[in-house]
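A.B. asks: Model the following, please.
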Amino acid sequence: MTPQRRNFYKNQLLALRRRLRGDVDRMTSDALAAGPASARSNRMPIHPAEVAGDHFEQELAIALASSKDETLQKIEQALERIEDGVYGICDCCGRRIPQGRLDAIPYAGLCVGCARQNEEAVADLYGG
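C.D. replies: Model (predicted):
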């Protein structure tokens with residue numbers, strides 16, 4: 001991989017990291033600070049469905065923030081691979097990750113074949 005291409009991916013990863021950090025921070029603070037019924041100007045919920053809806057929205061926001069946090073961890077690992085000079089090399093088999101995959105998922109640490117095997121192993125583990 002050329003230094004220019006590596007720089008391109010590094011800039012993409014840094015921009016994605018900034019965006020996701022902002023999303024995670026905002027979602028987490030909104031979900032935790034908002035609390036039940038905050039959208040209704042501090043009035044008490046009058047129906048159990050309102051309480052359940054508020055709870056669901058909080059749980060969903062926390063789950064989405066958690067998912068984005070996992071992606072942030074993958075981005076950090078990709079940035080480390082760039083610094084170590086091994087970006088674009090599959091962590092599992094050591095082969096080059098195709099440019100098309102890196103264009104689609106710049107934080108990918110596995111080639112398509114190894115990613116598929118990894119997903120199948122996880123599915124087998126959980127009976128899927």
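A.B. asks: ok, Glu59 to Ile89 distance?
C.D. replies: 38 Å (C-beta to C-beta, to the nearest Å). Heads up, the C-betas are built off the backbone N, CA and C, glycines and all.
A.B. asks: Output the below-cut-off pLDDT ranges for the protein.
C.D. replies: 23-56, 58, 61-62, 65, 128 (pLDDT under 70).
A.B. asks: how's it carved up into domains?
C.D. replies: 1-87, 89-128 (automatic domain parsing).
A.B. asks: which one of Glu59 and Ile89 has more residues nearby?
C.D. replies: Ile89 (17 against 11; other C-beta atoms under 10 Å).
A.B. asks: That one touches Leu102, doesn't it?
C.D. replies: No: the pair Ile89 / Leu102 is not scored as a contact, 10.8 Å apart, by C-beta atoms under 8 Å.
A.B. asks: which stretches of this protein form helices?
C.D. replies: 3-34, 48-84, 99-104, 112-125 (DSSP state H).
A.B. asks: wait, which of these is closest to Cys93?
C.D. replies: Nearest of the helices of the chain to Cys93, taken as C-beta to C-beta: helix 112-125 at 5.5 Å.
A.B. asks: Give me the residues contacting that closest one.
C.D. replies: 90-93, 98, 101, 108, 110, 128 (C-beta atoms under 8 Å, 6 or more residues apart in numbering).
A.B. asks: Find the residues that touch each one of Ile89 and Leu102.
C.D. replies: Counting by C-beta under 8 Å, 6+ apart, nothing touches both Ile89 and Leu102.
A.B. asks: still on that earlier bit, just the buried ones out of the contacts of helix 112-125, please.
C.D. replies: 90, 101, 108, 110 (16 or more other C-beta atoms under 10 Å).
A.B. asks: Fine, thanks again, bye for now.
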